[in-house]
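A.B. asks: Return atomic coordinates for the entry below.
(chains A and B)
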Amino acid sequence: MTKDWKKIAGGLNLEIPESELEGVGLALDELDAVFHPLLQLLSPVTEPAFHFECEPEEHL
Amino acid sequence: MTLQQIARALRNREFTAAEFAAATLDRIKKFNPRLCGFITIMEEAAIAQARQADAELARGVDRGLVHGVPVAVKDLFFTQGVPTTSGSRIFANHVPGHDAAVVKRLADAGAVLVGKTNMHELAYGITSSNPHFGTVRNPWDFERIPGGSSGGSGCAVAAGLIPMAMGSDTGGSIRIPASFCGVVGLKPTYGRISRYGTMPLSFTLDHMGPLARSVRDAATTLNVLAGFDGRDPSSSRRPVVDFLPGEHVSLRGLRIGLPENFYFDRIHSEVDLAVRRMAACAESLGAQIAPVRVPDIRAINTVARIILLTEASAVMQPYLARRSEFGPDVLRLLDQGCLLPATDYVNAQRLRRVMRQEFEAVWKQVDCLFTPTTPTSAPRIGQATLDFNETEEDTRIATTRLVRAINALGFPALSIPCGRDALGLPMGLQIIGPAFQEEPILRVGAALEDAIGLGPWPEFDESPRPRIERVQSNGSP
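C.D. replies: Got it, this is the predicted structure:
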């Protein structure tokens, strides 16, 4: 089932003109179709690849 | 000239660094109006740096191979007191108060920074047709794109304006212009070169690296730039080795994988042939060539795209109300990123870890992979789709298809020229290695370069005549 990107944009109060939304939605639908089946590869304990270290940082 | 040739000439006193910098600046000023490879030319500072290099070399102070050599950096590397636009109208007046780590390390090594190169807006695209700072031209054919997003760097190196220019690579942005412009491009391992002081596009996918005229020039640059930097949270503490390949490189015993799946699907036949010719060349130099199956690259590409879309939109969110100040292609991508849910982003980062683990099986079979860098040579400016056996594919998606996954995996990858197609345009070979194994892939690249020779370089003169016309009028591709 494809998502209703127009409603999502409205719900998030995004200022994306309606004329743009169709193209944006099509691109995201294509991405979604490949991405969502991949979620089956994940175990609950799989950590994300970004990391945070609780060390003092030299620069923020 | 290559960086190494310039270094040798400086030490042989064939010319001074100041003389060479002046000649470099003259050439940039002469050709940049047509090539549009530079956004900022730093004439006064460059001449001052070159004079200092001359004075030091005369006193016997030699800071290494880049000492006194002109270089450039993509206009997303912060330069203290000099505008750093990231190719964007939003940041057109951004003047940083400090240098990027890369800029500082180059300066400490005595390099002469002559300017900031043009790029795709915000590094978010592959054409470098920049709506704010001009369309970068491919020196091989002025009607074609140089690739991107580091298009100005690729253009400037290929045109012989500069021996080395720094780029950044989030989804192929060093390797694509290297392939389209016929130069060497190195994306090191994630964490190998500090990202400190660069305008981010995607924090966990951005890599910094050189575009150069030879593999050894890229290795020389990596020697200057590699190493831990506590100001970059992703910077690696791995020890740095000498990356510069020796003079007589052997490939004996090296196992090179040619992927059986994905990488040779939907590519132009001339690119296929050129990459396989390079594999045969490597075999003749002692390497073993083996077919290998790689994990699902289409899936990794998808994961990489979700990470990029969401991180880029997060970075740019404070500016998104200023819609008219973005180019339409960049705005479309920023809009896409705003619509993706946070769960997709977190799960993409989790999948990335799984896929990285899966890929380890490949490195148990081979030491590196040979693939095409791009499925075609450089497309025309404004060309929206590419044709593969009568099926059309979006130019951006097709051009990033063979390079993007490696950003998510973090592996080092080198693009080197591997011949020219019937139009006379360069094609690129991508050599991918395991994490932190830049030295072996540079060694392979240097061996191939020694075997096939450097260049050729694009020939262009005062007239902006596209190279394609000259090749066709000769009747020989």
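A.B. asks: Averaged pLDDT, stretch A:50-60. What do you get?
C.D. replies: Across stretch A:50-60, the average pLDDT comes to 70.
A.B. asks: same check, this time on stretch B:142-151
C.D. replies: 98.
A.B. asks: How is residue B:23 assigned, secondary-structure-wise?
C.D. replies: helix (DSSP: H, G, I helix; E, B strand; the rest coil).
A.B. asks: Please tell me how far the nearest residue to it once chain neighbours are set aside sits from residue B:289.
C.D. replies: Residue nearest to residue B:23 in three dimensions, not counting chain neighbours: residue B:15, with 7.9 Å by CB to CB, 6 or more residues apart in numbering or on different chains. Bear in mind the C-beta positions are built from the backbone N, C-alpha and C, glycine included. Separation of residue B:15 from residue B:289 (CB to CB, to the nearest Å) stands at 44 Å.
A.B. asks: As a check, name the ranges of all strands in chain A.
C.D. replies: Using DSSP state E, no strands are assigned anywhere in chain A.
A.B. asks: Would you mind naming what in it lies close to chain B?
C.D. replies: Selection of chain A residues close to chain B by CB under 8 Å from any CB of the partner chain yields A:5, A:8-9, A:12, A:14-16, A:20, A:23-24, A:27-28, A:31, A:34-35, A:38-39, A:41-42, A:46-50, A:53, A:57-59.
A.B. asks: of the residues you listed, buried ones?
C.D. replies: Among these, those buried by neighbour count (16 or more other CB atoms under 10 Å in any protein chain shown) are A:5, A:8-9, A:16, A:24, A:27-28, A:31, A:34-35, A:38, A:46, A:48-50.
A.B. asks: Quick one: which of those residues has the lowest pLDDT value?
C.D. replies: residue A:50 (84).
A.B. asks: Let me see the contact set for residue A:41.
C.D. replies: B:351, B:354 (CB atoms under 8 Å, 6 or more residues apart in numbering or on different chains).
A.B. asks: now with 10 Å?
C.D. replies: By CB atoms under 10 Å, 6 or more residues apart in numbering or on different chains, the contact list for residue A:41 reads B:296, B:299, B:347, B:350, B:351, B:354, B:355, B:358.
A.B. asks: What confidence value was assigned to it?
C.D. replies: For residue A:41, the predicted pLDDT is 96.
A.B. asks: Repeat that for residue B:431.
C.D. replies: The model's pLDDT for residue B:431 equals 99.
A.B. asks: now it, what's its secondary structure?
C.D. replies: Residue B:431 - assigned by three-state DSSP - is strand.
A.B. asks: And the helix or strand hosting residue B:103, what does it pack against?
C.D. replies: Assigned by DSSP states H and E, residue B:103 belongs to helix B:101-108. Packing contacts for helix B:101-108, counted by 3 or more CB pairs under 10 Å, 6 or more residues apart in numbering or on different chains; DSSP states H and E, involve strand B:70-74, strand B:112-117, strand B:164-169, strand B:207-212, helix B:215-225.
A.B. asks: Just put these in CSV and tack on distance to chain A and mean neighbour count.
C.D. replies: Converted to CSV, those look like this (distance: least, CB to the nearest CB, whole Å; neighbours: other CB atoms under 10 Å in any protein chain shown):
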stretch, distance to chain A, mean neighbour count
strand B:70-74, 20, 30
strand B:112-117, 22, 28
strand B:164-169, 18, 30
strand B:207-212, 15, 30
helix B:215-225, 18, 26
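A.B. asks: Within range of chain A, give me the residues from the stretch 1-150 of chain B.
C.D. replies: Neighbours of chain A within the stretch 1-150 of chain B, by CB under 10 Å from any CB of the partner chain: residue B:98.
A.B. asks: Strands along the stretch 1-150 of chain B, start to end?
C.D. replies: For the stretch 1-150 of chain B, the strands defined by DSSP state E, counting those that start in this stretch cover B:38-41, B:70-74, B:112-117, B:129-130, B:134-135.
A.B. asks: Report the contact partners of residue A:52.
C.D. replies: When contacts are counted by CB under 10 Å, 6+ apart, residue A:52 is found next to residue B:233.
A.B. asks: Next: residue B:158.
C.D. replies: Taking CB under 10 Å, 6+ apart, one finds B:35, B:37, B:138-140, B:146, B:177-178, B:180-183, B:211, B:213, B:417, B:426, B:455, B:457-458 in contact with residue B:158.
A.B. asks: With residue B:299 instead?
C.D. replies: A:34, A:35, A:37, A:38, A:41, B:351, B:354, B:355, B:358, B:405.
A.B. asks: Now with 6 Å, please.
C.D. replies: Neighbouring residues of residue B:299 by CB atoms under 6 Å, 6 or more residues apart in numbering or on different chains: residue A:38.
A.B. asks: Same question for residue B:161.
C.D. replies: B:27, B:28.
A.B. asks: Can you name the helix or strand that it falls in?
C.D. replies: Here residue B:161 is assigned to no helix or strand, by DSSP H and E.
A.B. asks: what's the distance between stretch B:445-459 and the middle of its chain?
C.D. replies: 17 Å (CA atoms, centre = their mean, to the nearest Å).
A.B. asks: try stretch B:303-314
C.D. replies: 20 Å.
A.B. asks: pLDDT averaged over it - what is it?
C.D. replies: pLDDT averaged over stretch B:303-314 gives 98.
A.B. asks: What are the buried residues along that stretch?
C.D. replies: B:303, B:304, B:305, B:306, B:307, B:308, B:309, B:310, B:311, B:312, B:313, B:314.
A.B. asks: so the helix or strand where residue B:415 lies versus helix B:215-225, what angle?
C.D. replies: Using DSSP H and E, residue B:415 sits within strand B:413-420. Put simply, strand B:413-420 runs at 160 degrees to helix B:215-225, going by axes from the mean of the first three to the mean of the last three CA atoms, to 10 degrees.
A.B. asks: how much does strand B:413-420 deviate in direction from strand B:207-212?
C.D. replies: Using the same axes, to 10 degrees, strand B:413-420 lies at 30 degrees relative to strand B:207-212.
A.B. asks: where does the stretch 151-300 of chain B come near chain A, residue by residue?
C.D. replies: B:204, B:230, B:231, B:299 (CB under 6 Å from any CB of the partner chain).
A.B. asks: For PyMOL, write a command that selects the buried ones of the residues you listed.
C.D. replies: PyMOL command restricting those to the buried ones, with burial defined by 16+ other CB under 10 Å:
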select buried, chain B and resi 204+299
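A.B. asks: In helices only, show me the residues of the stretch 151-300 of chain B next to chain A.
C.D. replies: Using DSSP state H, the subset of these located in helices is residue B:299.
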